[in-house]
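Enquirer: Quick one, structure for this:
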Amino acid sequence: MKKELLSPAGDFETLKQAIHNGCDAVYLGGKRFGARKFASNFDDQEMVKAIQYCHLYGVKIYVTVNTVIFDSEVEDCLDYITFLHQNGVDAVIMQDIGMISLVRQVLPNLDIHVSTQAHTHNIEQIKLLEKLGVTRVVVAREMSLDEIQKLDTTLEIEAFIHGALCVCYSGQCLFSSLLLNRSGNRGECAGICRLPFTLLEDGKEIKTDGKYLLSPKELNTTNHIQDLLESNITSFKIEGRMKNPTTIGFITRLYRMLIDHYEKGEKVLLTEEEQEKLMLLFNRGFTEGYLFHKQGKELMNISSPNHIGIPIGKVVDVNSNRIKIHLDKPLAQGDGIRFQTEQVGMMVNFIYDKKDNLISSANYGDTVEIDNKIGIKSCGTILKTVDVKLLDELKNYSEKKIPISMKVTASFGKPFQLEVTDFFHTIIVEDSIVEKATGNGTSSHRILEQLSKLGDTPFILDNRDLEIEEGIFIPISKINEIRRKAISQLIEVRENSKKDVVVHDKILLDRKNSSFGLKFTALVRNEEQLQACLEENIDTIYVTNQNLYKKYNDRGNIYFRMDRVLSSFPNMNQEKLLIGEMGSIYYYQSNNQLNSDYYLNVTNSYHVAYLRNLGVSNITLSIENSCNEIESIVDHVGNYGLEVLVYGKVEAMIMKYCPLKMLINQDKMPCNVCHNGKKYELKDRNGEKYPLIQDKELTHLFYYQNLNLENDIRKLKQVPILRYRFEFFDENSSQVHDILKKYKTILS
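Expert: The predicted structure is shown next:
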């Protein structure tokens, strides 16, 4: 299967840069339902234009509809996806499993690609997606190439090969939502991982080399293109819908060149100049990521969360007016620079030579001065972050040309005929009857010359077949007219190539209400908490410790909480389980004692219905639902088995990266920091402390305060929700009793 180079487009200029620099497909978002809400994105009119432009140049277009969808948005979202299908998108990229199941019912011949936001990281979830009828899955960035190679699936596999990395598993981050009410699952990520934090050990600050303790480097796999092309990955994805057009254009061009060289059996490494240009455009330091087993300092850049550019020299003297610089690389007016010591930057307006003359640029070895307009006081390394000459160079690109073939038939007494083909579509245009020449006829050379004038069209003449009788006359205006007509028709048919749209009616949802009264459920982390919950007659108790589960599971109301990152599945088919990821739902679906956790991001009725059909008994709704959204779900599918978290310390992130191993043990192995009995936290700029727990090679970062819906309970009672969930973290027995008694009083 031909490998696909997939580029992002946050606006129309980036779309053009991606196409004309060699991508095979683009992905972009509309103004709604996309996981990059703060990109420019495309309104409906622009979307139609984008689809036509992509198809004109033979490039596929995939549109992101990859947020979770609230119940109140289901109809609008379905209408939007129908609009995209009717206008010829090649696929939609989706996260919400409930909406995917609905779209598969209603629009059965629309291709669906499952977003990396869906947290697909094991073969069991991929098997579930196969049954859903999707065509492609974007695997989690945490998967290695070795793990991806072992996936035996009929689905196309898409993987990120370049761009920004999330430190948390995608689709599993609640940090922005909890802290700022900006949901990463709704395209509103505030980039909390790029902010400064301090590491605390038993409340005392641990000194670190930087303060951006959750900020990964930029993924760059240019040195592994051969490994990637020989893998089972179908589509190679470049991240960057928030990046500028020239950056995306250049990155696309580099990977296109590397892929083409490989396919020709040629060298597949970048030159030093190409690597430098890549670093100048955007880098936070480069990493080959989890894809190639990078961890710790090879993965993270805790010194800076921003574009760091390249070193170009040093400050050798500074005063309040001027900064004297010795250059190792060129500097020009309009360049952006950053002073590494003080971590501040500026645009260069004026450059002065040794004679204090203004100059437009300076070169390697020069010592020059610039205005100290930002008040720096110390010497040190200078980084160039914007290179105006490079940006000007990259703004100019050659437009892609599509090879076409022409066949001309012209003989006396018959219509002048032009057949044009792009080898997929064929256009035949005829004009008036060909006349005999009274003088010099119209030569084959002249006809071909006129037909070859394709100008600013997207086509280039690759082949021609001329069947032209000598001694005929065709006016030049007629030749030009028939060429324009044929090319216009070919453009139209290419722009409007699309599938027939098949639309089915929605299947009505079953409404199922509980026949039971009020239920309390609780998650506990130790035996003291468990005993307190038993004494309070809690209906269902979830435990995180497997030994504790085995000790108490004969009681009938004790469930084991499974991990939400799993590569293998233990034999627990007869056990009572709380499930946190879709692979486990598929693997254990024959088990009639399955409950699902809030990390499945259930926000609409169709997701509830899908999980019920898989045999899930009780479904914990996403904590991102409002009371109104919960009420809408209950109105559509009833309250049977629906559970809501009303109290607890929520995990803001789950990470494959371990800050304890990197920052305390300096990436050395073996590492037993997490077993030393000490308490570790991250402290933010406001002094709030976020607990860290390391478990089974995963890091769990908890929010600094407890979720507490005490003030919303009366609204939830009106819904009515009958299953109320509590999550205990470090509460002692007395605190557990007090919390449960208080809520019971409110609900009685």
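Enquirer: Give me the buried stretch members for stretch 281-300, please.
Expert: Burial within stretch 281-300, assessed by neighbour count using 16 or more other C-beta atoms under 10 Å, is assigned to 281-292, 294-300. The way it works is simple: take the backbone N, C-alpha and C, and place the C-beta from them, glycine included.
Enquirer: hey, where'd the strands end up in the stretch 51-200 of the chain?
Expert: Here the stretch 51-200 of the chain has its strands, by DSSP state E, counting those that start in this stretch, at 60-65, 91-94, 112-114, 136-138, 156-164, 198-201.
Enquirer: Which one of those strands lies nearest to Leu269?
Expert: Among the strands of the stretch 51-200 of the chain, strand 156-164 comes nearest to Leu269, with 15.5 Å by C-beta to C-beta.
Enquirer: State the pLDDT value of the nearest residue to Leu327 once chain neighbours are set aside.
Expert: Spatial nearest neighbour of Leu327, excluding adjacent residues (C-beta to C-beta, 6 or more residues apart in numbering): Gly313 at 4.1 Å. If you check Gly313, the pLDDT there is 96.
Enquirer: mind checking which helix or strand Gly313 is in?
Expert: In this structure, Gly313 is located in strand 310-318 according to DSSP states H and E.
Enquirer: burial of Gly677, as a residue count?
Expert: 6 (other C-beta atoms under 10 Å).
Enquirer: Direction-wise, compare the helix or strand just after the strand holding Gly313 with strand 310-318 and give the angle.
Expert: Sequence-wise, the next helix or strand downstream of strand 310-318 (DSSP H and E) is strand 322-327. Following axes from the mean of the first three to the mean of the last three C-alpha atoms, to 10 degrees, one obtains 140 degrees for the angle between strand 322-327 and strand 310-318.
Enquirer: Tell me how far strand 322-327 lies from the chain's centre.
Expert: Its chain's C-alpha centre and that of strand 322-327 lie 41 Å apart, by C-alpha atoms, centre = their mean, to the nearest Å.
Enquirer: for that strand, packing partners?
Expert: Contact analysis of strand 322-327 by 3 or more C-beta pairs under 8 Å, 6 or more residues apart in numbering; DSSP states H and E lists strand 310-318, strand 367-371 as its packing neighbours.
Enquirer: List the buried residues in the last one.
Expert: Spelled out, that is strand 367-371. 368-370.
Enquirer: Lys267 is in contact with Met257, isn't it?
Expert: No - Lys267 lies out of contact with Met257 (C-beta atoms under 8 Å); the separation is 10.6 Å.
Enquirer: Which one's more surrounded, those two?
Expert: Between Lys267 and Met257, Met257 has the larger neighbour count (other C-beta under 10 Å), namely 18 against 10.
Enquirer: Before we move on, what's the pLDDT of that one?
Expert: Looking at Met257, its pLDDT stands at 96.
Enquirer: try Lys37
Expert: Per-residue pLDDT puts Lys37 at 69.
Enquirer: hmm, back to that, if the residue nearest to Leu327 is in a bridge, with which residues?
Expert: As for beta bridges, Gly313 partners with Leu327, Ile382 under DSSP bridges.
Enquirer: quick thing: my sequence starts at 16, can you match it?
Expert: Will do, 16 is the new start, and the previous item becomes Gly328.
Enquirer: Which residues are in contact with it?
Expert: Residues near Gly328 by C-beta atoms under 8 Å, 6 or more residues apart in numbering: 340-344, 346, 396-397.
Enquirer: Dump these into a markdown table; add distance to Ile648 and neighbour count as well.
Expert: Listed next are these as a markdown table, based on distance: C-beta to C-beta, whole Å; neighbours: other C-beta atoms under 10 Å:
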| residue | distance to Ile648 | neighbour count |
| --- | --- | --- |
| Ile340 | 61 | 25 |
| His341 | 65 | 15 |
| Leu342 | 62 | 18 |
| Asp343 | 61 | 16 |
| Lys344 | 59 | 17 |
| Leu346 | 59 | 24 |
| Thr396 | 55 | 14 |
| Ile397 | 56 | 26 |
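Enquirer: quick one: buried residues of the strand holding Gly328?
Expert: Neighbour counts over strand 325-333 (16+ other C-beta under 10 Å) mark 325, 327-328, 330, 333 as buried.
Enquirer: could I have it exported to CSV, CA atoms only?
Expert: Presented in CSV, the C-alpha positions along strand 325-333 are these (Å, rounded to 0.1, in the frame of the first residue of the first chain):
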residue,chain,number,x,y,z
ILE,A,325,19.4,28.2,17.0
PRO,A,326,22.5,29.8,18.7
ILE,A,327,24.0,32.5,16.6
GLY,A,328,26.5,34.2,18.9
LYS,A,329,27.2,35.7,22.2
VAL,A,330,26.6,39.0,24.0
VAL,A,331,30.1,40.3,24.8
ASP,A,332,29.2,43.6,26.3
VAL,A,333,26.0,45.4,27.3
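Enquirer: report the angle between the axes of that strand and strand 382-386?
Expert: 80 degrees.
Enquirer: How far off centre is strand 325-333?
Expert: Taking C-alpha atoms, centre = their mean, one finds the center of strand 325-333 at 37 Å from the center of the full chain.
Enquirer: swap in stretch 639-652?
Expert: For stretch 639-652, the distance to the chain centre is 27 Å (C-alpha atoms, centre = their mean).
Enquirer: how about it: buried residues?
Expert: Neighbour-count burial for stretch 639-652 flags 639-640, 642, 644-649, 651-652 (criterion: 16+ other C-beta under 10 Å).
Enquirer: For that stretch, give the mean pLDDT please.
Expert: For stretch 639-652, mean pLDDT rounds to 96.
Enquirer: again with stretch 456-466
Expert: Here the average pLDDT along stretch 456-466 is 89.
Enquirer: Tell me which residues are up against that stretch.
Expert: Contacts of stretch 456-466 (C-beta under 8 Å, 6+ apart): 421, 423, 425, 433, 476, 479, 481, 483, 485-489, 491, 494-495, 498.
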